[in-house]
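In: no sequence on this one, just coordinates:
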């Protein structure tokens, strides 16, 4: 199926316009009711900032996709077909979205949020959406369901929490998400998957609108944070797209593509490896893995004296470099297992270099 790119631009424009128009209203709501992200010892910002920018991600995505599908089906006389799996996944996304809003408004214990996330993650395999093929990684191809389901749930939880925890400085989570979502829009477009392409690009439009206010907005005027409602929802959708893209047609996915697992993995590697490192580091230090601190990659970079904008540039460059290296290694025939080892080595050396420079500069 050939994708009409005018429809993609339409979905992007509708979603972005809706978010651009509504964000000032959300900021006004936060100011009226005192819904701020307050500064503390573990946070970078020094002033109270409205924190509900991410509440617009789900409605912007929904409006962008729905409006564009109505135009498409009106032009082509198609019928909109939705199955039970679609509604189950939407229910999971809504659950994540609502628990994020509740956390932003009232504050929830990390363990309680994790339990809800686990329930929502179970919806994926219930819809027959799971990691069913490792494409030769460690010599493994098709996996039995007893192994596939828990691995899938673990990966979903990892991505959701990685996107949540990397949201620590202006523009970081949103810019990474925008790059990932735009890439998935392109990839699903190449596969001729209209719905997933529209889903990816619509959310990218909403995230880009948020980035404008978050990165360029002035404190006390139009600056806003996405909050957990935004970062958790982004993580859930990105996890959905990543698992959907890598799944082959043996069990209802796309035609087998040798590189599909590597692509999905490459796009989420940086936020995921960072949260794994921080969790392991806390465990060895005898801390609770859910306890907040200043050990994430953006904290490490800023400890060298860089400001938030410089830190963002460094991390985005690192992200693009990792994806480019992986693509280059794949094209010359390097196995996915070796690429994984190289990525972990590069990341470890990068963190060690940051720590060494921090010590040398003291």
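Out: Yes, it's here. None of the values given here were measured: they were computed from a predicted structure.

In: so residue 134, which of the three states?
Out: Secondary structure state of residue 134, per DSSP: H, G, I helix; E, B strand; the rest coil, is strand.

In: Now name the helix or strand holding the residue most central in space within the chain.
Out: Among the residues of the chain, the smallest C-alpha distance to the mean C-alpha position (CA atoms, centre = their mean) belongs to residue 235, namely 3.8 Å. For residue 235, the enclosing helix or strand under DSSP states H and E is helix 227-246.

In: Which neighbouring elements make contact with that helix?
Out: helix 57-76, helix 84-105, helix 110-126, helix 145-165, helix 172-190, helix 194-216, helix 260-284 (3 or more CB pairs under 8 Å, 6 or more residues apart in numbering; DSSP states H and E). C-beta coordinates here come from the backbone N, C-alpha and C atoms, glycine included.

In: Could you pull up the residues touching the closest residue to residue 319 other than its chain neighbours?
Out: Excluding its sequence neighbours, the residue lying closest to residue 319 (CB to CB, 6 or more residues apart in numbering) is residue 270, at 5.0 Å. Applying CB atoms under 8 Å, 6 or more residues apart in numbering, one finds that residue 270 lies in contact with 176, 297, 315, 318, 319, 322, 347.

In: What is the neighbour count of the spatially closest residue to the last one that is not a sequence neighbour?
Out: Spelled out, that is residue 347. Beyond its immediate neighbours in the sequence, the residue positioned closest to residue 347 (CB to CB, 6+ apart) is residue 273, lying 5.3 Å away. By other CB atoms under 10 Å, the residues close to residue 273 number 20.

In: can you check the one 10 residues further on too?
Out: Other residues near residue 283 come to 11 when the count uses other CB under 10 Å.

In: Offset the numbering so it begins at 759, please.
Out: Sure, I'll start counting at 759 from here, so that last one is residue 1041.

In: Check what pLDDT it gets.
Out: Per-residue pLDDT puts residue 1041 at 82.

In: re the thing from before, show me what counts as buried in the helix holding residue 993.
Out: Applying a neighbour-count criterion of 16 or more other CB atoms under 10 Å, the buried positions in helix 985-1004 are 985-1004.

In: and what of stretch 774-781?
Out: The neighbour-count check on stretch 774-781 (16+ other CB under 10 Å) flags 774, 775, 776, 777, 778, 780, 781 as buried.

In: Adding distance to residue 963 and pLDDT, write those residues out as a markdown table.
Out: Shown next, in a markdown table, are the buried residues of stretch 774-781 (distance: CB to CB, whole Å; pLDDT from 0 to 100):
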| residue | distance to residue 963 | pLDDT |
| --- | --- | --- |
| 774 | 4 | 97 |
| 775 | 8 | 97 |
| 776 | 8 | 97 |
| 777 | 7 | 97 |
| 778 | 9 | 96 |
| 780 | 13 | 96 |
| 781 | 13 | 96 |
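
In: elements contacting the longest helix along the chain?
Out: Criterion DSSP state H: the longest helix present in the chain is helix 763-791. Contacts defined by 3+ CB pairs under 8 Å, 6+ apart place helix 763-791 against strand 807-808, helix 815-834, helix 930-948, helix 952-974.

In: name the helices or strands packed onto the next helix or strand after it?
Out: Per DSSP H and E, the first helix or strand lying C-terminal to helix 763-791 is strand 794-795. Judged by 3+ CB pairs under 8 Å, 6+ apart, strand 794-795 is in contact with strand 807-808.

In: which stretches of the protein have low pLDDT?
Out: Within the chain, the stretches falling below the threshold (pLDDT under 70) are 759-761, 797-804, 833-843, 1007-1011, 1047-1050, 1116-1120.

In: ok, now with 50
Out: Low-confidence segments of the chain, defined by pLDDT under 50: none present.

In: Strands along the stretch 1009-1120 of the chain, start to end?
Out: Using DSSP state E, counting those that start in this stretch, no strands are assigned anywhere in the stretch 1009-1120 of the chain.

In: Where do the helices of the stretch 1009-1120 of the chain begin and end?
Out: For the stretch 1009-1120 of the chain, the helices defined by DSSP state H, counting those that start in this stretch cover 1018-1042, 1055-1060, 1066-1089, 1094-1118.

In: for the third one, packing partners?
Out: It stands for helix 1066-1089. helix 930-948, helix 1018-1042, helix 1055-1060, helix 1094-1118.

In: Could you dump these into JSON lines with distance to residue 823 added?
Out: Below are the helices and strands packed on helix 1066-1089 laid out as JSON lines (distance: least, CB to CB, whole Å):
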{"stretch": "helix 930-948", "distance to residue 823": "12"}
{"stretch": "helix 1018-1042", "distance to residue 823": "21"}
{"stretch": "helix 1055-1060", "distance to residue 823": "31"}
{"stretch": "helix 1094-1118", "distance to residue 823": "32"}
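
In: Nearest to residue 1088 among those helices would be which one?
Out: Ranking these by proximity to residue 1088 (CB to CB) places helix 1018-1042 first, at 5.9 Å.

In: Can you list the buried residues in that closest one?
Out: For helix 1018-1042, the buried set under the neighbour-count rule, 16+ other CB under 10 Å, comprises 1018-1033, 1035-1037, 1040.

In: how far off helix 1094-1118 does it point, in degrees?
Out: With axes from the mean of the first three to the mean of the last three CA atoms, to 10 degrees defining the directions, helix 1018-1042 sits at 40 degrees from helix 1094-1118.

In: from the helices and strands packed on helix 985-1004, which stretch is densest packed?
Out: Here the criterion is mean neighbour count by mean count of other CB atoms under 10 Å, and of the helices and strands packed on helix 985-1004 the winner is helix 952-974, at a mean of 25.
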